[in-house]
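Asks: This is a predicted model, with the sequence first.
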Amino acid sequence: MNTMRRLRVYADTSVFGGCFDEEFAEASRTFFDQVRSARFILVTSPIVEAEMEAAPSDVQNLFRHTLESAEVVDVSEEALRLHTAYLEAGIVSPQSATDALHVALATVSACTLIVSWNFRHIVHFEKIPLYNAANVLNGFEKIAIYSPREVLEYEDQDL
């Protein structure tokens with residue numbers, strides 16, 4: 001592993017489920033391998049935990065196992081205020097409010113980035129600048145938003 005600092009990365013529910021999806025399994029599993037090898041500090045939340053209740057048992061088991069080495073951040077008033085700012089800005093509709101809460105939790109807990117397979121409400125070229133504009137307007141840093149595939153370290157990668 002290279003000597004770069006460990007990044008705080010918030011993984012939403014889709015990344016855990018991605019380990020068992022043919023399209024996303026390789027990148028999702030590699031992401032969690034890199035979490036275990038200390039490339040990333042995994043951050044999660046009670047929101048992910050609550051969403052796990054409806055997930056298949058293999059996804060729940062992965063989450064429980066991974067939770068042992070993850071940092072779980074609280075749903076703070078600060079995160080709820082930022083979440084409300086996202087909704088008031090129309091970044092997502094009220095039906096997708098939980099997706100915005102994931103971004104707010106990652107931002108407020110000073111994560112470097114959030115990873116997700118949610119290309120409709122989180123990892124979307126039109127939404128990312130809107131989330132970051134709301135972050136700056138509300139006194140927070142911008143956050144990088146990527147799919148797991150985009151943050152992996154590859155053996156032949158030149159940095």
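Replies: Arrived safely. Residues are numbered from 1 along each chain as shown.
Asks: And stretch 109-119, end to end?
Replies: 22 Å (Cα to Cα, to the nearest Å).
Asks: distance between it and the chain's centre?
Replies: Put simply, stretch 109-119 sits 3 Å off its chain's centre (Cα atoms, centre = their mean, to the nearest Å).
Asks: ditto for stretch 23-40
Replies: That offset, for stretch 23-40, works out to 13 Å (Cα atoms, centre = their mean).
Asks: Pull out the buried residues from it.
Replies: Residues of stretch 23-40 classed as buried by neighbour count (16 or more other Cβ atoms under 10 Å): 24, 27-28, 30-32, 34-35, 39-40. Quick note: C-beta positions are derived from backbone N, CA and C, even for glycine.
Asks: And for stretch 128-142?
Replies: For stretch 128-142, burial by neighbour count (16+ other Cβ under 10 Å) applies to 128, 131-132, 134-135, 138, 140.
Asks: In helices, which of these appear?
Replies: 128, 131-132, 134-135 (DSSP state H).
Asks: okay but M52 is in contact with L62, surely?
Replies: No - M52 is not in contact with L62 according to Cβ atoms under 8 Å; the separation is 9.3 Å.
Asks: Which strand or helix spans V48?
Replies: Taking DSSP states H and E as the criterion, V48 maps to helix 46-52.
Asks: I'd like to know which elements the very next helix or strand once past that helix is packed against.
Replies: Next along the chain after helix 46-52, taking DSSP H and E as the criterion, comes helix 57-67. With contacts taken as 3 or more Cβ pairs under 8 Å, 6 or more residues apart in numbering; DSSP states H and E, helix 57-67 sits against helix 13-18, helix 25-36, strand 40-44, helix 46-52.
Asks: shaky segments in this structure?
Replies: Residue ranges of the chain with pLDDT under 70: 1-4, 156-159.
Asks: If we use 80, what do you get?
Replies: In the predicted model of the chain, residues 1-5, 155-159 satisfy pLDDT under 80.
Asks: Widest-spaced pair of the buried residues of stretch 23-40?
Replies: F24 and R39 (18.7 Å; Cβ to Cβ).
Asks: hmm, back to that, where do the contact lists of M52 and L62 overlap?
Replies: The overlap between the contact sets of M52 and L62 (Cβ atoms under 8 Å, 6 or more residues apart in numbering) consists of F16.
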